[in-house]
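# Structure for this input, please:
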Amino acid sequence: MINLFQKPLLKKLALACLLFGSVSSQAVAQGKDWKEKSIDNKEERMAWWKNDRFGMFIHWGLYALPARHEWVQQIERTDHETYKKKYFDLFNPDLYHPEEWALAAKNAGMKYVVLTAKHHEGFCLWDTKSSNFNAAKTPYGKDLLKPFVEACRKNGLKVGFYFSVIDWYHPDFTIDNTHPLRGNQEAIATNSGKNMDNFRKYLKEQVRELLGNYGKIDLLFWDFSYPGPNGKGKEDWDSEGLIKLARELQPNIIMNDRLDMGAEAWGWDYKTPEQFMPNEWPTFNGVRVPWETCQTFSGSWGYHRDENTWKSSNQLIAMLIEVVSKGGNLLLNVGPTARGNFDDRANDRLEAIGKWMKFHSASIYGCTEAPADFQKPGNTLLTYNPKTKRLYVHLLQYPFKTLYLPNFKGKVKYAQFLHDNSEVKYTSRTKSNDGEHMAITAGENDLIMDLPVVKPNVEIPVIELILN
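You can find the predicted model right below:
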């Protein structure tokens, strides 16, 4: 039993212990280096991204003028001076209104936008002090990033920059297997006089500008490494130094996996499969990881006037659903014209996606792969919101009157179409009497959804299941 006179002393001791524990935990946190801190706060940093699921990629640069692929300089093996002389003094995007870009993304249901601050050609969209090869030195004469960032913030969109560590403009960037002058022996001979240390300093100067001059930047998309013979990887970029700098300038920023640092837990936040759909949730060392597929409307990232393999609106919506059904994000690309506007093909598809998202975004935002005990019916995709405990059945091909949900019996409290919240009735009949030729039967643990014969007037109907 405690003596009454001991209580004040015990309180003081308890308070001292609490204070000591608090100071100790702070000391431990302060003692951690930037790598450990980036691992510790990864979940917190990425919470918005995992919830939002859908973003817009924008590829824009001098390559919008030739309008035949963003790698046109490399494909046509054009040296920098010839490329610059032909296009630089013609760059004057008089229809550039980033507010329109931001509204197009917002209306399509996208939650973040990533713009190519600099692509492989080395042309910078901002008024960088490290290079005269930038938008402010063209006839347009202004920084393109500042109004873009402001437009995104005004419309509630998260802001991301794409930054190419490849740079065919810089005089110290050695000619390698991706360079426009690969195979040109006279040009390759100049490698002996190049100093990649200068190039690495240049990269850091540019990152310092991008992450120091535009307020909070939410995402940085590095692009890209190709280690191996006559390639470039983490040593060539000083990837660790770049990541450390980014973390110092923007502690809450999230970054992708293209700096050849895949073996380091602190070296990336999410995986980036490009132009293909993984057949299942990607893993690293056997553990599922955050991932995002970046995809184009057509076969090119930059504006390509004559590229005609454009995906249909239905394909794009189904792609978004499938990505979320596998726990990922979709970054869908637009390539603006040289005048700075989105062309009609892009606008048509963005509007169609937005029309669908207006009524079905609940099956995308905050959703992920369905729990393993929910079996996917044929011609459908499932997404699941773990907070609301609602399951979404996306009808890729609309069935005739009946949809069977295998082993769903006892799991569903209520069913409704998501676009109008109209009830969808269901039963679990399993037997019929002899002669009952119109009775619908199913497995003992299945549900039978009774659908209207006429497909709802939406691109891909969705049934929302409120679970028990």
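# Low-confidence ranges, this protein, go.
In the prediction, the chain carries residues with pLDDT under 70 at positions 1-31.
# And the residue nearest the centre of it?
Of all residues in the chain, the one closest to the mean position by CA atoms, centre = their mean is residue 331, 4.1 Å from it.
# which residues does the nearest residue to that one once chain neighbours are set aside bridge with?
Spatial nearest neighbour of residue 331, chain neighbours left out: residue 294 (4.3 Å); criterion: CB to CB, 6 or more residues apart in numbering. (Each C-beta comes from the backbone N, C-alpha and C, glycine too.) For residue 294, the beta-bridge partners are residue 274, residue 331 (DSSP bridges).
# From residue 162, how far off is residue 294?
Using CB to CB, to the nearest Å, residue 294 is found at 10 Å from residue 162.
# Check residue 369 too.
27 Å.
# out of the two, which sits in the more crowded spot?
Remark: of residue 369 and residue 162, residue 162 carries more neighbours, 23 against 18, as counted by other CB atoms under 10 Å.
# The one helix or strand that one maps to pairs with which strands, parallel or anti?
Secondary structure from DSSP states H and E places residue 162 in strand 158-164. Within its sheet, and counting by DSSP bridges, strand 158-164 is paired with strand 112-118 (parallel), strand 219-223 (parallel).
# Would you tell me which one of these is buried the most?
Per-stretch averages of neighbours, counted by mean count of other CB atoms under 10 Å, single out strand 112-118 among the strands paired with strand 158-164, with a mean of 25.
# State the next helix or strand along the chain beyond that strand.
Sequence order places helix 145-154 as the next helix or strand after strand 112-118, per DSSP H and E.
# Pull the distance from that following helix to the chain's centre.
Put simply, helix 145-154 sits 18 Å off its chain's centre (CA atoms, centre = their mean, to the nearest Å).
# Isn't residue 220 up against residue 252?
No - taking contacts as CB atoms under 8 Å, residue 220 lies outside contact range of residue 252: 11.3 Å.
# Just to check, residue 416 is in contact with residue 449?
No - distance between residue 416 and residue 449: 10.9 Å, which falls outside the contact criterion (CB under 8 Å).
# Figure out the length between the terminal residues of stretch 269-278.
Taking CA to CA, to the nearest Å as the measure, stretch 269-278 stretches 18 Å from start to finish.
# Show me what that stretch is in contact with.
42, 45-46, 49, 221, 254-258, 282, 284, 289-296, 319, 322-323, 326, 328-329 (CB atoms under 8 Å, 6 or more residues apart in numbering).
# List only those of the residues you listed flagged as buried.
Under a neighbour-count criterion of 16 or more other CB atoms under 10 Å, the subset of the contacts of stretch 269-278 counted as buried comprises 42, 45-46, 49, 221, 254-258, 282, 289-296, 319, 322-323, 326, 328-329.
# List the ones among those residues that fall in helices.
Cross-referencing the buried ones among the contacts of stretch 269-278 with the helices (criterion: DSSP state H) gives 42, 45, 46, 49, 319, 322, 323 as the overlap.
# How about the last one, nearest residue that isn't a chain neighbour?
Once flanking residues are discounted, residue 323 sits nearest to residue 330: 4.5 Å by CB to CB, 6+ apart.
# How far does stretch 425-433 sit from its chain's centre?
Remark: stretch 425-433 is offset 44 Å from the chain centroid, using CA atoms, centre = their mean.
# Pull it out as CSV, backbone CA atoms only.
What follows is stretch 425-433, C-alpha atoms only, in CSV (Å, rounded to 0.1, in the frame of the first residue of the first chain):
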residue,chain,number,x,y,z
LYS,A,425,-32.3,-6.7,-56.1
TYR,A,426,-30.6,-10.0,-55.5
THR,A,427,-31.6,-13.5,-54.3
SER,A,428,-29.8,-16.8,-53.5
ARG,A,429,-32.2,-19.4,-54.9
THR,A,430,-30.4,-22.7,-55.4
LYS,A,431,-33.2,-25.2,-56.2
SER,A,432,-36.1,-25.4,-58.7
ASN,A,433,-39.0,-27.9,-58.8
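# Buried residues of it, list them for me.
The neighbour-count criterion (16+ other CB under 10 Å) identifies 426, 428 as the buried residues of stretch 425-433.
# Name the surrounding residues that touch that stretch.
Counting contacts by CB under 8 Å, 6+ apart, the residues outside stretch 425-433 that touch it are 405, 409, 412, 415, 439-450.
# repeat for stretch 186-204
Stretch 186-204 is contacted from outside by 79, 130-131, 165, 167, 170-175, 181-182, 236-238, 241-242, 245, using CB under 8 Å, 6+ apart.
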